[in-house]
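1. Here is a sequence together with a model predicted from it:
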Amino acid sequence: MAVFRGFRAYRPSSDMQALIPALPYDVMSSEEAREMVKDKPYSFLHIDRAEIDFPVGVDQYSTKVYEKARENLLSLEREGKLIQDSSPCFYIYKQVMNGRGQVGLVGCASIDDYLNNIIKKHEHTLAKKEQDRINHVDTCNANTGPIFLTYRKNDEINSIISDWMYNHKPEYDFISDGVSQTVWAVNDNYTVVKLQGLFDHVNAMYIADGHHRCASAVKVGQKRREQKGSYTGQEEFNYFLAVAFPDADLEIMDYNRVVKDLNSNTTEQFIEKISDKFVVNKVDSKYKPNKKHTFGMLIDSQWYSLEAKPEIINEDSPVDRLDVSILQDNILAPVLGIENPKTDERIAFIGGIRGLEELERRVNTDMKLAFAMYPTTVEDLMDIADAGLIMPPKSTWFEPKLLSGLFIHHLD
C-alpha cells in the first residue's frame with residue numbers, strides 16, 4: 001500500500017506567488033534559462049539552474065554551482081519570500097490549460113515505496129542526469145521540484161479534495177505562461193490524517209514524469225540513511241516531494257518524430273516499402289491521427305494517412321502494441337536505418353504542444369520527413385509499469401508542466 005503524507009512546505013509568500021515559481025529545470029537549456037530570468041531576480045531558476053548566476057561557459061555541474069543554488073534558496077527563506085507552514089499539510093494543486101483542468105495532491109512519497117516497486121517506473125534513467133540532481137538535492141538539502149505521480153482514481157480522495165476546494169479560499173491563484181495555477185493548503189489535521197489513511201488503500205502509484213528527479217531523491221535519502229547509521233523511518237529524508245494526480249485527470253499529448261533523410265531511398269521507393277505493412281493514403285491537408293495504430297506522415301509537402309495492417313500489431317504485448325513501437329519496428333529501423341532513436345542524430349522529437357505546424361516547419365527547413373503520432377494513453381503507461389517493462393524513448397509528453405518553487409521539501 002502506498003505511503004503519501006503531508007509535510008511542512010516552504011512556499012512563496014502570497015505577494016511572491018507569481019514571481020518565484022518557474023518551469024522545471026529540464027525543459028530548457030542554460031541559454032534559454034538565462035533569457036527567461038531577465039528582469040526576474042526571484043525566479044526559481046536561480047535555484048534549479050544556478051549556473052545562470054555565473055558567466056556563460058561555467059561548468060553547470062561544478063560544486064560552486066550547487067552551492068550557489070543552496071545560497072539562493074536560503075536567501076529566499078531568510079528574506080521571508082519563502083515561508084514555511086507551521087504544521088504538516090497536503091496541498092491541492094489545480095492547473096487549467098486550454099480549458100482542460102487537472103487537480104493533484106501535493107505531499108511526500110516514501111523512498112521505500114520506490115525501492116519496493118509500489119511506486120512504479122516505466123523509463124530507464126541516465127547516470128549523468130541522476131548525478132546532477134543528486135548533487136543538487138544533497139547540497140540544497142531539499143527537494144525543489146516535484147515528481148509527477150499518478151494513481152487509479154479513488155472516489156473518496158476525490159470527494160475530500162473537491163469539498164476542500166469548494167469550501168476554502170485558495171492560497172494562490174495566478175497565471176504562468178498561459179496556464180492557470182491555483183493552490184489550496186489542506187491544513188486541518190483531521191483531513192490530513194484522513195487522506196493519508198486513504199492512500200494506504202492505493203495499491204500502486206506510477207511515475208508519470210520525473211524519473212531522474214525521483215531516482216535522485218531516493219538515492220539522496222539512502223545516502224542520508226548511511227550517514228546517520230540508524231534512523232526511525234520518520235525523518236524527512238525518507239520521503240520526497242511529489243504531486244499525485246488521479247489517472248482520469250491526465251492527458252498525454254502526442255510525441256511526434258521528424259527524420260533528416262530517407263536512408264538513400266527515393267520518395268517513391270520509401271512509400272512502396274512501407275506499404276507492405278501500412279495502408280498509405282494521400283490526404284488533402286494536415287493529418288492528425290484520431291485513433292490508435294494510425295499515423296500522419298509529411299513528405300515533399302504532401303500529407304499522408306498511415307494505418308498499421310493487423311498482422312504487425314501484437315496486442316498481447318503492452319510495449320509492442322504502442323504506436324511508437326510499431327513505427328520504430330516497422331519503419332524507423334528497417335526502412336530508415338534508425339536502430340537507436342536515443343542516439344541517432346538523424347531523428348528528432350517534437351512535443352505535441354508545438355502542433356503540426358512545427359512538423360511542417362521542420363520538414364521545410366532541416367528535415368525530410370515527419371510522423372504525427374496518436375498519443376500513448378495513461379492506461380498504456382500503467383500496463384507497462386505493472387508488467388515491469390520499459391517504454392520506448394519519447395513515448396509520452398505531459399502538459400501542463402508542474403512548476404518548481406511552489407513547494408519545497410527540506411530533508412531535515
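-> Great, that's in hand.

2. Where does the prediction get shaky in the stretch 151-300 of the chain?
-> By pLDDT under 70, the stretch 151-300 of the chain has no low-scoring segment.

3. what sits against the most centrally placed residue in the chain?
-> Nearest to the geometric centre of the chain sits D209, at 2.9 Å (Cα atoms, centre = their mean). D209 makes contact with 147-148, 396, 398, 402 under the criterion Cβ atoms under 8 Å, 6 or more residues apart in numbering. (Each C-beta comes from the backbone N, C-alpha and C, glycine too.)

4. Identify the bridge partners of it.
-> F148 (DSSP bridges).

5. coming back round to it: with distance to F174, pLDDT and neighbour count as extra columns, can I get the contacts of D209 in JSON lines?
-> Formatted as JSON lines, those follow (distance: Cβ to Cβ, whole Å; pLDDT from 0 to 100; neighbours: other Cβ atoms under 10 Å):
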{"residue": "I147", "distance to F174": "23", "pLDDT": "97", "neighbour count": "27"}
{"residue": "F148", "distance to F174": "20", "pLDDT": "97", "neighbour count": "23"}
{"residue": "T396", "distance to F174": "27", "pLDDT": "93", "neighbour count": "22"}
{"residue": "F398", "distance to F174": "21", "pLDDT": "92", "neighbour count": "21"}
{"residue": "L402", "distance to F174": "15", "pLDDT": "97", "neighbour count": "26"}
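
6. quick one: which of these is nearest E236?
-> Distance to E236 across the contacts of D209 (Cβ to Cβ) is lowest for I147, with 15.3 Å.

7. Run me through the strand neighbours of the strand or helix carrying F240, direction for each.
-> If you go by DSSP states H and E, F240 is part of strand 239-246. Note on strand 239-246: by DSSP bridges, its sheet partners are strand 100-110 (antiparallel), strand 147-151 (parallel).

8. who's in contact with the following helix or strand past it?
-> Where DSSP H and E defines the elements, the next helix or strand beyond strand 239-246 is strand 252-253. For strand 252-253, the external contacting residues (Cβ under 8 Å, 6+ apart) are 351-353, 375-378, 381, 396-399.

9. Return the member of these nearest to D254.
-> G352 (3.7 Å).

10. Can you get me a residue count around that closest one?
-> 19 (other Cβ atoms under 10 Å).

11. how close does it get to S110?
-> Distance, G352 to S110, by Cβ to Cβ, to the nearest Å: 33 Å.

12. Counting residues, which helix of this protein comes out longest?
-> helix 211-228 (DSSP state H).

13. And the helices in the stretch 151-300 of the chain?
-> For the stretch 151-300 of the chain, the helices defined by DSSP state H, counting those that start in this stretch occupy 155-167, 189-199, 211-228, 267-274.

14. Of those helices, give the one that comes closest to A244.
-> Among the helices of the stretch 151-300 of the chain, if distance is taken as Cβ to Cβ, the winner is helix 189-199, at 8.0 Å.

15. C-alpha coordinates for the closest one, PDB please?
-> The C-alpha trace of helix 189-199 is given here as PDB (Å, rounded to 0.1, in the frame of the first residue of the first chain):
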ATOM      1  CA  ASN A 189      -5.000  17.800  10.900                       C
ATOM      2  CA  TYR A 190      -8.100  15.500  10.800                       C
ATOM      3  CA  THR A 191      -8.300  15.900   7.000                       C
ATOM      4  CA  VAL A 192      -4.600  15.400   6.600                       C
ATOM      5  CA  VAL A 193      -4.700  12.100   8.600                       C
ATOM      6  CA  LYS A 194      -7.800  11.000   6.700                       C
ATOM      7  CA  LEU A 195      -6.100  11.500   3.300                       C
ATOM      8  CA  GLN A 196      -3.000   9.700   4.500                       C
ATOM      9  CA  GLY A 197      -5.200   6.800   5.600                       C
ATOM     10  CA  LEU A 198      -7.000   6.600   2.200                       C
ATOM     11  CA  PHE A 199      -3.600   6.400   0.400                       C
END
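
16. How far away from the center of its chain is stretch 249-257?
-> Taking Cα atoms, centre = their mean, to the nearest Å, one finds stretch 249-257 lying 11 Å from the centre of the chain it belongs to.

17. ugh, wrong one, I meant stretch 251-266
-> Distance, centroid of stretch 251-266 to centroid of chain: 22 Å (Cα atoms, centre = their mean).

18. how long is that stretch end to end?
-> 37 Å (Cα to Cα, to the nearest Å).

19. Likewise for stretch 50-70?
-> Stretch 50-70 stretches 9 Å from its first residue to its last (Cα to Cα).

20. Next, the buried residues of it.
-> 50-53, 58, 65-66, 68-70 (16 or more other Cβ atoms under 10 Å).

21. Now that stretch: average pLDDT?
-> On average, the pLDDT along stretch 50-70 is 97.

22. what sits up against that stretch?
-> 30-31, 33-34, 37, 45-49, 72, 131-132, 135-136, 139-141.

23. now swap in stretch 382-396 and tell me
-> Stretch 382-396 is contacted from outside by 117, 120-124, 150, 152, 204, 206-209, 247, 252, 255, 257, 318-319, 322, 324-325, 328, 341-342, 349, 375-376, 381, using Cβ under 8 Å, 6+ apart.

24. Please pick the buried ones from these.
-> Buried positions within the contacts of stretch 382-396, assessed by neighbour count (16+ other Cβ under 10 Å), are 120-123, 150, 204, 206-209, 247, 252, 255, 257, 318-319, 322, 324-325, 328, 341, 375-376, 381.

25. Spit out the contact partners of the nearest residue to V259 once chain neighbours are set aside.
-> Distance criterion Cβ to Cβ, 6 or more residues apart in numbering; nearest residue to V259, sequence neighbours excluded, is L369 at 4.4 Å. Going by Cβ under 8 Å, 6+ apart, L369 touches 258-259, 261-262, 297-299, 336, 363.

26. ditto for W303
-> When contacts are counted by Cβ under 8 Å, 6+ apart, W303 touches 282-287, 296-297.
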